[in-house]
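*Asks:* Let's see this in three dimensions:
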Amino acid sequence: MSRVLNVAVVGCGIGRSHIVEGYLPNADKFKVLALCDLNPERLDQVGEEFGIERRIVNFDELLAMDDIDIIDVCTPPGAHFSMVTEALKAGKHVVCEKPLVGSLEDVDAIIEAEKSAKGKLMPVFQYRFGNGIEQAKTIIDAGIAGKPYCGTVETMWRREAPYYTVPWRGKWKTELGGVLMGHAIHPHDIFTYLMGDIAKVFGRVATRVNPIEVEDTISASLEMKSGALASFTATLGSVDEITRIRLQFENVTIESDHAPYNPGKELWKILPRNDEVKARIDEALANWQHVPSRFQTQMARFHDAIFGKGELPVTSADSRRALELVTAFYHSSSTHSEVALPLGPDHPLYQSWVPAEFR
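*Replies:* This is a model prediction of the structure:
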């Protein structure tokens, strides 16, 4: 197999960002050979912008193309499950935007399908990548941070009426959720990436900002499996926009850069408990190699994984953890009860967290 993999991008909205940030900076690894979108005008616009001649409206046509190695699914969430499963059946590698699918049942079905699939599946969590978050991860994984005490995540973003003029947004059937699903899912993933698995959730969701079906404001109290405590807050009604993650460990305090859409790029604030801890941090970060943020590094590491040079940077198990939190959040809010994780097939929302009247 050639070391340059041919990609078909399905959905030219966020798919354009995949091209600009992920594939073009990795031109020695990927070539975008085809685009697929139901909107001919947008299809032609993006095709002309990047000189991509193969423009397809019918997704099934892509699956039959022998020269396509990777199907990159960037459609509205409601279409993800069928496209991912069909692409895996066709022997393709698959990249899929968040959320991977719309239920724990569906993500478990995809995990099962992966076992016999020829290709690899990589869900997208591009916020994990960049110098700031990677240095924090290095310090934690090296054991320097010590015992985790507590942490907070604030996702304060702004979405007003024009945002919801896009027909699929703000609706249960197509977006599958609100701020929990399409926005705070990224900072929440970063938190568990650094702090580990969640044991219990008490959450509340509300629609406070816009007249939409889904939630746009949330809060939660969490207990981690380590015993650490955490709180999550998010809204789409903030005046300014920040993403702030603050973690308190035995030996260090770690706080993210507050950039809302690229919190991993800039160096994070890392405060050592004493000079001995500082010396260990300095040693661990000596000769640091720059880590490009967002899609550039995620796509590069996906290429490495395909060729056996590393592990998948994001897995379907990571997506399951994110969707498990979402499921627990909705159940906790509706029942006013604490929810213990993990969640299995016996959970009331295993098949869907979408309210019955919107399915």
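
*Asks:* tell me the strands in the stretch 251-359 of the chain, going along the chain?
*Replies:* 252-255, 269-272, 339-340 (DSSP state E, counting those that start in this stretch).

*Asks:* quick one: contacts of the second one?
*Replies:* Contacting residues not belonging to strand 269-272 are listed as Gln135, Ala136, Ile139, Asn251, Val252, Thr253, Ile254, Glu255, Ser256, Lys278, Ile281 [C-beta atoms under 8 Å, 6 or more residues apart in numbering]. For every residue, glycine as well, the C-beta is placed using N, CA and C.

*Asks:* tell me which residues in it are buried?
*Replies:* Buried residues in strand 269-272, counting neighbours by 16 or more other C-beta atoms under 10 Å, are found at Ile270, Pro272.

*Asks:* And that strand, how far out from the chain middle?
*Replies:* 26 Å (C-alpha atoms, centre = their mean, to the nearest Å).

*Asks:* Given it, what are its sheet partners and their directions?
*Replies:* Note on strand 269-272: by DSSP bridges, its sheet partners are strand 252-255 (antiparallel).

*Asks:* and the strand it pairs with, C-alpha only, in CSV?
*Replies:* Taking Å, rounded to 0.1, in the frame of the first residue of the first chain, the C-alpha atoms of strand 252-255 are listed here in CSV:
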residue,chain,number,x,y,z
VAL,A,252,0.7,20.3,41.0
THR,A,253,-2.1,22.6,39.9
ILE,A,254,-2.7,22.5,36.2
GLU,A,255,-4.9,25.0,34.4
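
*Asks:* Tell me how far that strand lies from the chain's centre.
*Replies:* 23 Å.

*Asks:* Then stretch 106-117?
*Replies:* 18 Å.

*Asks:* picking up where we left off before, nearest approach to Thr85 belongs to which of the strands of the stretch 251-359 of the chain?
*Replies:* strand 339-340 (28.0 Å; C-beta to C-beta).

*Asks:* same question for the closest one, mean pLDDT?
*Replies:* Per-residue pLDDT over strand 339-340 has a mean of 98.

*Asks:* contacting residues around that strand?
*Replies:* Ala199, Lys200, Val201, Phe202, Gly203, Ala328, His331, Ser332.

*Asks:* can you check stretch 8-21 too?
*Replies:* For stretch 8-21, using C-beta under 8 Å, 6+ apart, the contacting residues are 32-37, 39, 42-43, 45-46, 49-50, 56, 59, 62, 65, 68, 70-76, 83, 95, 97, 126, 294-296, 299.

*Asks:* State the distance from the closest residue to Val95 other than its chain neighbours to Lys225.
*Replies:* Distances taken as C-beta to C-beta, 6 or more residues apart in numbering place Asp72 nearest to Val95, at 4.3 Å, with adjacent residues excluded. Per C-beta to C-beta, to the nearest Å, Asp72 is found 33 Å from Lys225.

*Asks:* who has more neighbours, those two?
*Replies:* Asp72 (29 against 12; other C-beta atoms under 10 Å).

*Asks:* That one sits in which helix or strand?
*Replies:* strand 70-73 (DSSP states H and E).

*Asks:* what about that strand, distance to the chain center?
*Replies:* The answer for strand 70-73 is 16 Å, by C-alpha atoms, centre = their mean.

*Asks:* repeat for stretch 7-21
*Replies:* 15 Å.

*Asks:* repeat for stretch 229-249
*Replies:* Mean C-alpha position of stretch 229-249 versus that of the full chain (C-alpha atoms, centre = their mean) differs by 16 Å.

*Asks:* For that stretch, buried residues please.
*Replies:* 230, 232, 234-236, 238, 243-249.

*Asks:* of all these, which two lie farthest apart?
*Replies:* Leu236 and Phe249 (30.4 Å).

*Asks:* which regions of the stretch 201-350 of the chain sit below the pLDDT cut-off?
*Replies:* When residues are selected by pLDDT under 70, none of them lie in the stretch 201-350 of the chain.

*Asks:* can you pull out the helices in it?
*Replies:* Counting by DSSP state H, counting those that start in this stretch, one finds helices in the stretch 201-350 of the chain at the ranges 275-285, 295-306, 316-335.

*Asks:* Mind giving me the packing neighbours of the last one?
*Replies:* For helix 316-335, the helices and strands in contact under the criterion 3 or more C-beta pairs under 8 Å, 6 or more residues apart in numbering; DSSP states H and E are helix 104-114, strand 121-123, helix 179-182, helix 185-195, strand 198-206, strand 217-224, strand 339-340.

*Asks:* Looking at these, which is nearest to Lys265?
*Replies:* Nearest to Lys265 among those is helix 185-195; the distance by C-beta to C-beta comes to 12.5 Å.
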